[in-house]
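In: structure, please.
(chains A and B)
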Amino acid sequence: MKKVFTIVSVLLVLAMFLGACAQTPVAEPPAAVEEPTQPLRIAVVSPSSINDLAFTQSISDALIVLKAEMGDGLEYAFTENMFVVDDAAAAIRDYASKGYDIVIAHGSQYGSSLQEIAPDFPNTVFAWGTTVDTFGMPNVHAYEAASDQGGYVNGVMAGMLTESKIIGVVGPIETGDAKLYVDGFVAGVKSVDPSIDVRVTYIGSFSDIALAAEAANTHISAGADILTGSAQMVVGAIGKAEESGLYWFGTQANQNGYSQKTVVASQVYHWEGILREIIALRAAGTMGGQTFSATLQNGGQVITINPEIELSQEVKTKVEEVIAGINDGSIVIPKP
Amino acid sequence: MISDLFSATVIIGIISSGIRLATPYLFASIGEMFGQRSGVLNLGVEGQMLLGAFFAFYITLKTGNLWFGVLAAMAVGALMGLAMAFVTVNLHATQGISGIGFYLFGMGMSNLLFQKLIGTVEGVKGFQKISIPLLGKIPVIGDIFFNQNALVYLAFLLIPIAWFVLNKTTLGLKIRAVGENPEAADSLGVSVAGIRYLTVIMGGVFSGIAGASLSIALLNVFQQNMTAGQGFIAVALVYFGSWKPFGILTGALLFSLINALQLWIQVLGIPIPSELAVMMPYILTILVLTLSVSKGRGPSALTKVFEREG
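Out: You can find the predicted model right below:
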């Protein structure tokens, strides 16, 4: 029986681990193609897949924009699904040693790997996020998303639209830009009406769609009429909002098209502005040391309202006011 | 605050969530149980579920027919089971390691196919809730038990059927004999290899349906690695349930109900850190297992290679 217990314990721990960290350890070998014209070469390593409707998709979309602008002047490679940090570290080192000009480690979990790798490649520009820490290294940039800003705007809209005065949040793990978004969202709702009950759940996973869906069901049974959430497992929750005819607010990537009658607005990350700055700095000889923040003001994040949902003029005006207020500093988002 | 947990809404909510969450575990664990009762430990359940989930989703997306989706999931599960049986029964590979191999294969393959064939997260119209006539009209109970989708009913029906097959049929006797004492079974003319092929393929079929229950019945979406460790929980539940269908039912319900409970604890704002809340189902499952240590032992020939003498 002791053996049985051991096996079961190991299985449970394994399952917890898989549930918590989520992505798929399937590596695609980085494609390195030599071009005679010497285009700028950018490589990205990221934890989930480029079509996750969330974090990884946001950086992939940014590179697609840059590619359209720069054409043959840019060549980029993407290694997705690097949830195993060691695999990611190998991919980062691989790209750097293949002579990529800019290597982007798109995950805050890659920090310590980058800290080891970056000094070995002084002629490579590294950027990682979401974080503010450049380790004081001359060739490392850091970038983050001020996702509390978009969260606040979404929260204001949700606060104005709710009738039951109960709003549910489906969060992954209480950390990073997900936590920032949720805190901003709650503050936004409370700014409309402090009596509105915003209920926050964290499901302890970035990938467990089934649990995200049940968290949404739970909020709905408890009387919520508007839901939001962050990270790639929220597709399960959006589906439940749709089934019950409720509104959803999205973040990270544009989720409006996923459910036309459900998603009111999405805070969409636009990393291309930050990437343009990194490219310009490199051309001017600065290899790192900068910290960038994607904000509403610098276009690093944009509130995209779904045209299929009819919003009153009052709500639309308020959204513009709030965005202007955040940009000019007259609205300061309180930290919890 | 804690007293909020005892309202009718919350209790109904917990039970109906628990039933939905338990559904994929029931399919996968019952399939795994048959394999283990015949002596084969298959750790590849997670991979089989992912491929089942993908094919069910893809075929449903293309044909619009949900039952074709289920059939596709069953077929791919059967193929995975066949491969596992070949590797472990004929090639005598270590069961634990080859199972992990099949898990990684299933995960990688479902990712690859998803990216090549679908490419973006989208939804399908999955199995709708069916209200059972009369029973579905009973207040409270009707809503919880008789207002679910077809695959949920099927999962719960599977429990007594599995019990009957295992304990009351000749096939069940052969499966148990092969798992307890393959040499004796062989000497009585039972084909050990044949039975193990059958149970492992059957396990694959049920794991495939478990995946389908996620992608076209409960969630109606496919995303990479969407099973998030459920296949491993399913294997653990077989141990938890002492290799018995009703034991597995108890384990699956306990785990799922506690998971539903922790969501309600968070929703009601009961001041327990979310990290602690999400650990509850795992901790309590281990606790219950420890407290019920005397509950019996596994099949004697589990994970052992059978080689005919002479």
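
In: the helix or strand of chain B with the lowest mean pLDDT and chain A in contact?
Out: Least confident helix or strand, chain B: helix B:141-145 with a mean of 83, by mean pLDDT, DSSP states H and E. No. Helix B:141-145 lies out of reach of chain A by Cβ under 8 Å from any Cβ of the partner chain, never closer than 10.8 Å. Yep, even glycine has a C-beta here, placed from its N, CA and C like the rest.

In: identify each buried residue in the very next helix or strand once past that helix, please.
Out: Going down the chain from helix B:141-145, the next helix or strand is strand B:147-149, by DSSP states H and E. Under the neighbour-count criterion of 16 or more other Cβ atoms under 10 Å in any protein chain shown, strand B:147-149 has B:Asn147, B:Gln148, B:Asn149 buried.

In: surely the second one and B:Arg20 touch.
Out: Spelled out, it's B:Gln148. Yes. Contact criterion Cβ atoms under 8 Å: B:Gln148 and B:Arg20 qualify, at 7.4 Å.

In: what residues does the stretch 101-250 of chain B put near chain A?
Out: Residues of the stretch 101-250 of chain B found near chain A (Cβ under 8 Å from any Cβ) are B:104, B:107-108, B:111-112, B:115, B:119-123, B:214, B:218-221, B:223-226, B:228-230, B:232-233, B:235-236, B:239-240.

In: PyMOL command for the buried members of those residues?
Out: To isolate the buried members of those in PyMOL, using 16+ other Cβ under 10 Å:
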select buried, chain B and resi 104+107+108+111+115+121+122+123+214+218+219+220+221+223+224+225+226+228+229+230+232+233+235+236+239+240
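
In: how about the secondary structure of residue 285?
Out: The chain I'm using is chain A. Under DSSP: H, G, I helix; E, B strand; the rest coil, A:Gly285 falls in the coil class.

In: please apply the same query to A:Leu296.
Out: Of the three states, A:Leu296 takes coil under three-state DSSP.

In: look up the closest residue to it, ignoring the ones flanking it.
Out: Once flanking residues are discounted, A:Leu296 sits nearest to A:Gln149: 4.9 Å by Cβ to Cβ, 6 or more residues apart in numbering or on different chains.

In: can you get me a residue count around the one you found?
Out: 28 (other Cβ atoms under 10 Å in any protein chain shown).

In: contact partners for it?
Out: Applying Cβ atoms under 8 Å, 6 or more residues apart in numbering or on different chains to A:Gln149 gives the contacts A:Gly184, A:Gln267, A:Thr295, A:Leu296, A:Gln301, A:Ile326, A:Ile333.

In: report pLDDT for the third one.
Out: As summarised for this prediction, A:Thr295 has a pLDDT of 94.

In: quick one: contacts for the nearest residue to it once chain neighbours are set aside?
Out: Spatial nearest neighbour of A:Thr295, chain neighbours left out: A:Ala146 (4.6 Å); criterion: Cβ to Cβ, 6+ apart. Contacts for A:Ala146 (Cβ under 8 Å, 6+ apart) come out as A:Leu180, A:Ser293, A:Ala294, A:Thr295, A:Leu296, A:Gly300, A:Gln301.

In: swap in 7 Å and give it another go.
Out: A:Ser293, A:Ala294, A:Thr295 (Cβ atoms under 7 Å, 6 or more residues apart in numbering or on different chains).

In: and the buried ones among those residues, selectable in ChimeraX?
Out: Of the contacts of A:Ala146, the buried ones can be selected in ChimeraX as follows, counting by 16+ other Cβ under 10 Å:
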select /A:293,294,295
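
In: just name the closest of the contacts of A:Ala146 to chain B, please.
Out: Using Cβ to the nearest Cβ, A:Ala294 comes nearest to chain B of the contacts of A:Ala146, at 22.6 Å.

In: now do the contacts for A:Ser48.
Out: Taking Cβ under 7 Å, 6+ apart as the criterion, A:Ser48 is in contact with A:Gln23, A:Phe55, A:Thr56, A:Glu80, A:Asn81, A:Gln232.

In: give me the neighbour count for A:Thr286.
Out: Look at A:Thr286: counted by other Cβ under 10 Å, it has 16 neighbours.

In: separation between it and A:Thr134?
Out: Counting by Cβ to Cβ, to the nearest Å, the gap from A:Thr286 to A:Thr134 is 12 Å.

In: which non-adjacent residue is nearest the closest residue to chain B within the stretch 101-250 of chain A?
Out: Closest to chain B within the stretch 101-250 of chain A is A:Gly204: 3.2 Å, counting by Cβ to the nearest Cβ. In this structure, A:Gly204 finds its nearest non-sequential neighbour in B:Val278, 3.2 Å apart by Cβ to Cβ, 6+ apart.

In: name the helix or strand for A:Ser113, please.
Out: helix A:111-117.

In: no no, B:Ser29
Out: Using DSSP H and E, B:Ser29 falls in helix B:8-37.

In: quick one: distance of that helix to the chain centre.
Out: Here helix B:8-37 is found 8 Å from its chain centre; the criterion is Cα atoms, centre = their mean, to the nearest Å.

In: list the buried residues for it?
Out: B:10, B:13-37.

In: could you do stretch B:79-90 as well?
Out: Of the residues in stretch B:79-90, B:Leu79, B:Met80, B:Gly81, B:Ala83, B:Met84, B:Ala85, B:Val87, B:Thr88, B:Val89 count as buried by neighbour count, 16+ other Cβ under 10 Å.

In: just how off-centre is the helix or strand containing the second one within its chain?
Out: Going back to what we said before, that points to B:Met80. Secondary structure from DSSP H and E places B:Met80 in helix B:66-85. Offset of helix B:66-85 from its chain centre (Cα atoms, centre = their mean): 14 Å.

In: quick check: next helix or strand after that helix?
Out: Next helix or strand after helix B:66-85 toward the C-terminus (DSSP H and E): helix B:95-113.

In: list the helices and strands that following helix packs on?
Out: helix B:45-63, helix B:66-85 (3 or more Cβ pairs under 7 Å, 6 or more residues apart in numbering or on different chains; DSSP states H and E).

In: how about residues contacting the next helix or strand after that helix?
Out: Counting by DSSP H and E, the next helix or strand C-terminal to helix B:95-113 is strand B:129-131. Here strand B:129-131 makes contact (Cβ under 7 Å, 6+ apart) with B:Phe146, B:Asn147, B:Gln148, B:Asn149, B:Ala150.

In: again, 8 Å this time
Out: B:Lys137, B:Gly142, B:Phe146, B:Asn147, B:Gln148, B:Asn149, B:Ala150, B:Tyr153.

In: now do that strand: distance to the chain's middle.
Out: Strand B:129-131 has its C-alpha centroid displaced from the chain centroid by 22 Å (Cα atoms, centre = their mean).
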